[in-house]
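**Student:** A structural model of the following input is requested.
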Amino acid sequence: MFVHLVALLAPFYYSWQGLAAFLLFYYLTGCWGVTFGYHRLFSHRSFKAHPLVKYFAALMGCLTLQSGPLWWSAHHRLHHRESDKPMDPHSPKDGFLWSHMLWFNYTHPSLASNEAIYKAVPDLSQDAVLRWMDKHFEAISIAKAALLWGLSALI
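**Tutor:** Residues are numbered from 1 along each chain as shown. A predicted model of the protein is given here:
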């Protein structure tokens, strides 16, 4: 809620550079991180990607704070396995906001441990880099925020 209140200050601090940075990060995190990486590459295994592309997509996904790539993919695969049933972690039957935005704030009871997540996504859990990103997604986002804050002082 705090973030939404702070957003009310945006008109007083508007800049074209800020808008450009926002649009760039929105594209990188939303399109590359969530849609390309978490959803198509990791959850559905729609294609294979070069390791650098795979890790870049995972990094961008971590920056959305929608949890790490293993957690997200385990929940999404469960969603398809249990679609619109009581075990579905983000069923549209629970409402639009839940199914599109709120679900990733809660861990499904069947995926409450790392072992359960690793079992749900065995292909991804073998990758040490993805496991590390999954465990440290919050620290990654904090580091990005600190880096951007530091860079803004140079501009």
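**Student:** Report how many residues lie close to residue 133.
**Tutor:** For residue 133, the neighbour count with other C-beta atoms under 10 Å is 20. C-betas here are computed from N, CA, C, even on glycine.
**Student:** List the residues that contact it.
**Tutor:** For residue 133, the contacting residues are 55, 58, 59, 62, 68, 69, 140, by C-beta atoms under 8 Å, 6 or more residues apart in numbering.
**Student:** Under a three-state scheme, what state does it occupy?
**Tutor:** Classification of residue 133 using DSSP: H, G, I helix; E, B strand; the rest coil returns helix.
**Student:** could I get the contacts of residue 133 as a markdown table with distance to residue 104?
**Tutor:** What follows is those, written out as a markdown table (distance: C-beta to C-beta, whole Å):
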| residue | distance to residue 104 |
| --- | --- |
| 55 | 21 |
| 58 | 15 |
| 59 | 17 |
| 62 | 12 |
| 68 | 11 |
| 69 | 12 |
| 140 | 16 |
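**Student:** Great, nothing more from me.
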